[in-house]
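K.L.:
I would like the atomic coordinates for the input below:
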Amino acid sequence: MPASSESSPRIAVITGGAGDLAQSIATELRQAGFEVMAPGREALDVTSADSVRSFFAGVKRLDLLVNNAGVCRDVFVAKMSEAEFDHVVDVNLKGAFLVAQAAVKLMSKQRHGHLVNIGSYSALSGPAGQANYAAAKAGLIGFTQSIAKEYGARNIRANCVLPGFLKTKMTRHLLEDAIWREGLMSQHTLGRLNTAQDVARFIVFLHSLENVSGQVFQLDSRVRRWA
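P.N.:
The predicted structure is shown next:
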């Protein structure tokens with residue numbers, strides 16, 4: 001099985017690099033020996049094909065891509081504007097496509113590589129007020145599985161990680177509502193949330209599993225009925 005040279009450092013790119021989860025992933029990957037690029041929106045705007053091309057023009061090798069860039073615009077469908085729907089889909093789904101497209105071109109030449117798409121439990125549960133976000137993240141699961149099938153013969157893996165509800169800059173304000181927080185916690189059999197650090201550790205572990213691809217991993221204690 002082709003692999004990167006042991007004398008060369010492994011290279012990882014994390015989109016949405018300014019976020020709390022991205023920073024935790026970057027820390028864990030660096031501790032595992034990776035060279036990590038975690039660009040913010042100014043350096044890599046995932047909604048812009050030109051920005052993606054410009055960024056990846058400077059990337060000569062890539063072992064791991066973490067599609068982490070994401071955004072929420074929560075509102076009920078009847079009041080949701082077209083712009084709110086489009087923006088969420090553009091960042092969470094189309095952005096993942098543009099970046100993955102650039103990544104698989106590099107990985108195909110190398111004959112190895114791994115894409116990890118950061119999904120959401122919302123893709124499975126379809127919460128009220130998140131039609132745009134749930135649709136984008138559900139699409140990301142199918143997108144992950146298609147990449148796994150298309151590029152498996154080139155030793156490229158693709159997996160989707162659902163971190164669970166994390167206390168981050170994007171979500172911290174929601175947890176300030178005691179009633180909302182109680183309802184959320186009641187869904188978790190352990191009565192607690194996951195952490196960005198544990199998600200990051202899982203991603204490092206997942207990357208080490210060279211025979212795993214096309215899978216979806218939910219990282220909290222919410223239990224769903226089988227389909």
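K.L.:
just so I have it, where are all the helices in the protein?
P.N.:
Remark: helices assigned in the chain by DSSP state H are 20-31, 49-56, 82-89, 95-110, 122-125, 131-151, 178-186, 196-208.
K.L.:
Is it possible to get these out as TSV so that each row also shows distance to residue 40, mean pLDDT and mean neighbour count?
P.N.:
Where C-beta positions appear, they are placed from N, C-alpha and C, glycine not excepted. Below are the helices of the chain laid out as TSV (distance: least, C-beta to C-beta, whole Å; pLDDT from 0 to 100; neighbours: other C-beta atoms under 10 Å):
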stretch	distance to residue 40	mean pLDDT	mean neighbour count
helix 20-31	9	96	20
helix 49-56	11	97	16
helix 82-89	17	96	15
helix 95-110	13	97	20
helix 122-125	24	89	18
helix 131-151	20	97	20
helix 178-186	28	76	11
helix 196-208	17	96	18
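K.L.:
Tabulate those in a markdown table, adding columns for distance to residue 10.
P.N.:
Below are the helices of the chain laid out as a markdown table (distance: least, C-beta to C-beta, whole Å):
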| stretch | distance to residue 10 |
| --- | --- |
| helix 20-31 | 8 |
| helix 49-56 | 17 |
| helix 82-89 | 31 |
| helix 95-110 | 11 |
| helix 122-125 | 29 |
| helix 131-151 | 18 |
| helix 178-186 | 36 |
| helix 196-208 | 9 |
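K.L.:
and residue 165, which of the ones you listed is closest to it?
P.N.:
Closest approach to residue 165 among the helices of the chain is made by helix 178-186 (6.2 Å; C-beta to C-beta).
K.L.:
Show residues contacting that closest one.
P.N.:
165, 174, 175, 191, 192, 193 (C-beta atoms under 8 Å, 6 or more residues apart in numbering).
K.L.:
How about the most centrally placed residue in the chain: what's its closest non-neighbour residue?
P.N.:
Closest residue to the average C-alpha location of the chain: residue 118 at 1.8 Å, with C-alpha atoms, centre = their mean. Among residues not flanking residue 118 along the chain, residue 68 sits closest, at 4.7 Å (C-beta to C-beta, 6 or more residues apart in numbering).
K.L.:
Among the helices of the chain, which comes closest to residue 76?
P.N.:
Residue 76 sits nearest to helix 131-151 of all those, at 8.0 Å, using C-beta to C-beta.
K.L.:
Remind me what that closest one packs against, helices and strands.
P.N.:
For helix 131-151, the elements it packs on are helix 82-89, helix 95-110, strand 113-118, helix 122-125, strand 156-162, judged by 3 or more C-beta pairs under 8 Å, 6 or more residues apart in numbering; DSSP states H and E.
K.L.:
give me that answer again for 6 Å
P.N.:
Packing contacts for helix 131-151, counted by 3 or more C-beta pairs under 6 Å, 6 or more residues apart in numbering; DSSP states H and E, involve helix 82-89, helix 122-125, strand 156-162.
K.L.:
circling back: tell me what the residue nearest to the centre of the chain is bridged to.
P.N.:
Beta bridges link residue 118 to residue 161 when assigned by DSSP bridges.
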